[in-house]
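Student: following is a predicted model, sequence given first.
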Amino acid sequence: MLLAQATPAAAPDAGPPASGGGYLVVLMYVMMFGGVYFLIIAPQRKRQKEQAKMIEAMKVGDEVITTGGILGTVTQIKSDRCIVEIAKGVRVEVRKSNVEVLPPPAAEKVAS
């Protein structure tokens with residue numbers, strides 16, 4: 001009998017559970033994916049396209065820097081590789097995807 005007094009009374013029937021919470025969860029996931037896309041995926045795609053354009057525009061005589069930090073001048077271009085002269089008479093063969101073409105040096109303005 002003591003046990004029967006300790007149990008709370010059953011709550012009255014509140015009816016069916018509230019609906020509509022599923023739409024909010026879906027909306028939250030869509031917004032999270034959109035944020036990830038615009039913050040991570042879209043800029044990375046843009047960089048990849050710029051890298052591909054730069055590789056296609058590479059020509060003999062361009063100054064490049066390798067991913068390892070070695071500076072040199074392109075002396076020959078092959079299908080997927082290029083020959084880079086890093087010192088007089090020293091040439092290395094690197095993949096095109098591992099080099100970045102440096103912009104031409106800006107002409108120094110002489111103050112008059």
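Tutor: Received it, and whenever you're ready, just let me know what you need.
Student: quick one: low-confidence ranges for this protein?
Tutor: The model of the chain has pLDDT under 70 over residues 1-20, 106-112.
Student: break it into its domains for me.
Tutor: 21-57, 59-104 (automatic domain parsing).
Student: please, which helix or strand holds the residue most central in space within the chain?
Tutor: The chain has Q44 as the residue nearest its centroid, 3.0 Å off, counting by CA atoms, centre = their mean. Here Q44, judged by DSSP states H and E, is contained in helix 42-57.
Student: next SSE downstream of that helix?
Tutor: strand 63-66.
Student: strand partners of that following strand, parallel vs antiparallel please.
Tutor: strand 71-77 (antiparallel), strand 99-101 (antiparallel) (DSSP bridges).
Student: then that strand to PDB, C-alphas only?
Tutor: Taking C-alpha atoms only, strand 63-66 is exported to PDB below (Å, rounded to 0.1, in the frame of the first residue of the first chain):
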ATOM      1  CA  GLU A  63      59.000  31.700 -64.000                       C
ATOM      2  CA  VAL A  64      57.400  29.100 -61.700                       C
ATOM      3  CA  ILE A  65      57.600  27.900 -58.100                       C
ATOM      4  CA  THR A  66      57.100  24.300 -57.200                       C
END
